[in-house]
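K.L.:
Sequence first, predicted coordinates after that:
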Amino acid sequence: MRTTVGIIGAGPAGLLLARLLHNAGIDSVVLESRDRTYVEQRQRAGILEQGTVDVLRAAGAGERMDREGLRHDGIELRYDRTRHRVDFPTLTGGRSVTVYAQTEVCKDLIALQLKEGHPLLFEAEALAVEGADTDRPRVRFRQEGREDVLECDYVVGCDGFWGVARKAIPAELVRVFERTYPYAWLGILADVPPSHEELVYARHDRGFALLSMRSPSVSRLYLQVPEGTDPEEWSDDAIWDELERRFETDDDWRLARGPITQKSVTPMRSYVHEPMRHGRLFLAGDAAHIVPPTGAKGLNLAVGDVVTFARALTHERETGSAELLDGYSATCLRRVWQAERFSYDMTTLLHRAPDAAPFEDRLQLARLARIASSRAAGTDLAEAYTGFPFG
Ligand SMILES: Cc1cc2nc3c(=O)[nH]c(=O)nc-3n(C[C@H](O)[C@H](O)[C@H](O)COP(=O)(O)OP(=O)(O)OC[C@H]3O[C@@H](n4cnc5c(N)ncnc54)[C@H](O)[C@@H]3O)c2cc1C
């Protein structure tokens, strides 16, 4: 099999890249190791930056998002039993975010790809990328028990944190920057309308909590728990009781409870793999970087990477200049490190480390009070949350 761009992975990065290339008249083949149902049901991100929304719309994948997505003009910070709203449009000159689940983004892109796009092969597992530093890189893959080879002009590894693509970059050329955090998120999906119209980020002496949503009738909530927690250790009642404690305020706000339909634990990690390109192999999304979910940046970074790649390849096709392709890694990493910085700040602002001293508790409260009282500090948060420009 032969194509211009071999894409490994049908998460948001791989699917959107295939769509962008299709729109630019460039052919591709997507290899995805899991089946379609699995990819469409995997619960993950839910907050789309303004730039991500604009890209999906321009790519022709925004119709349902525009109908069903929920525009959010702010978030609430909750600490010391008080509430402070950060208003995005006022602080950023009109920007906002959209709540539209990653599952739905993937469903929309898969439907488009299967209807109009180039091949998208499910249950096709990439085994290795070969010849990345040659003119003819190849992906060896297995489908229905048979091994095959996809010959490409370029390979883009969109295969997430556990994928194979980045292993093709020689270790001596790689630098990895990494931090793990001594806590995790216990996340639930519940069939109950969200108790607040916008996301609530709560800092509490017992740990962080987040109130989010997937739709007007489905809530998504998270609790900071110790690293390595088994979700089954937590009964539904214990989860709701703990959420209630951490969101408590001095006014009459109440948390609505409902049936919990899903429970999982997510570890918290920051990770950057440099460079994001080797020869004709490019890395995009979680294959190259991970952020803790506190800043809602992972999916949005993946979108930024593939937009940068699609622009660079289109530029090369139109002008013959490989300048933008050559600059791919440096261009992406500038944005990646801004998101890493913001995600780290949000995480350390709101979570309680197991060994936190009272001094650190007071510092967190001082940082929160600063955001609440200073337009400059509020603007810094609002600009980062609504998103850094692509490229
Ligand atoms: C609980 C949670 C909450 C999150 N919340 C947010 C949020 O609010 N906002 C946000 O922006 N981000 C959030 N994220 C992060 C976001 O979900 C990821 O950053 C995003 O999924 C990255 O997309 P991707 O396409 O790079 O990788 P992935 O979504 O991981 O997709 C990679 C794909 O590659 C496939 N694959 C892997 N190996 C192979 C192989 N060898 N061959 C073929 N296919 C392969 C996988 O099956 C998968 O489909 C959250 C993540 C978690 C876990």
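P.N.:
The structure has been received and is ready for your questions.
K.L.:
which residues touch whichever residue of the stretch 101-250 of the chain sits closest to the ligand?
P.N.:
Each residue of the stretch 101-250 of the chain has a distance to the ligand, by CB to the nearest ligand atom, and the smallest belongs to residue 160, at 2.7 Å. Every residue, glycine included, has its C-beta placed from N, CA and C. The neighbourhood of residue 160, defined by CB atoms under 8 Å, 6 or more residues apart in numbering, consists of 9, 11, 285-287.
K.L.:
ok, now with 6 Å
P.N.:
The contact partners of residue 160, by CB atoms under 6 Å, 6 or more residues apart in numbering, come to 11, 286-287.
K.L.:
For it, which non-adjacent residue is closest in space?
P.N.:
Excluding its sequence neighbours, the residue lying closest to residue 160 (CB to CB, 6 or more residues apart in numbering) is residue 286, at 4.4 Å.
K.L.:
repeat for residue 225
P.N.:
residue 186 (4.5 Å).
K.L.:
any idea how far the residue in the stretch 1-150 of the chain that the ligand sits nearest to lies from residue 249?
P.N.:
Distance from the ligand to each residue of the stretch 1-150 of the chain (CB to the nearest ligand atom) is smallest for residue 11, at 2.1 Å. According to CB to CB, to the nearest Å, residue 11 stands 37 Å off from residue 249.
K.L.:
Show me what the residue nearest to residue 170 when sequence neighbours are not counted bridges to in the sheet.
P.N.:
With sequence-adjacent residues excluded and distances taken as CB to CB, 6+ apart, residue 170 is closest to residue 278, at 7.5 Å. Partner residues in beta bridges with residue 278, using DSSP bridges, are residue 281.
K.L.:
Just give me the neighbour total for residue 278.
P.N.:
Residue 278 is flanked by 22 other residues according to other CB atoms under 10 Å.
K.L.:
what's the answer for residue 155, then?
P.N.:
Considering only other CB under 10 Å, residue 155 is surrounded by 30 other residues.
K.L.:
Quick check: the gap between it and residue 27.
P.N.:
Computed with CB to CB, the distance linking residue 155 and residue 27 is 14 Å.
K.L.:
got it, and residue 383?
P.N.:
Where residue 27 is concerned, residue 383 sits at a distance of 38 Å (CB to CB).
K.L.:
do residue 229 as well
P.N.:
Residue 229 sits 45 Å away from residue 27, taking CB to CB as the criterion.
K.L.:
go on, residue 139?
P.N.:
Remark: distance between residue 139 and residue 27 (CB to CB) = 15 Å.
K.L.:
Would you map the helices across the stretch 1-150 of the chain?
P.N.:
When assigned using DSSP state H, counting those that start in this stretch, the helices of the stretch 1-150 of the chain occupy the ranges 12-23, 36-41, 50-58, 63-68, 88-92, 102-116.
K.L.:
Turn these into TSV, including mean pLDDT and mean neighbour count.
P.N.:
Conversion of those to TSV gives the following (pLDDT from 0 to 100; neighbours: other CB atoms under 10 Å):
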stretch	mean pLDDT	mean neighbour count
helix 12-23	98	26
helix 36-41	95	14
helix 50-58	96	19
helix 63-68	96	14
helix 88-92	97	18
helix 102-116	96	18
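K.L.:
of the ones you listed, which approaches residue 321 most closely?
P.N.:
helix 12-23 (18.3 Å; CB to CB).
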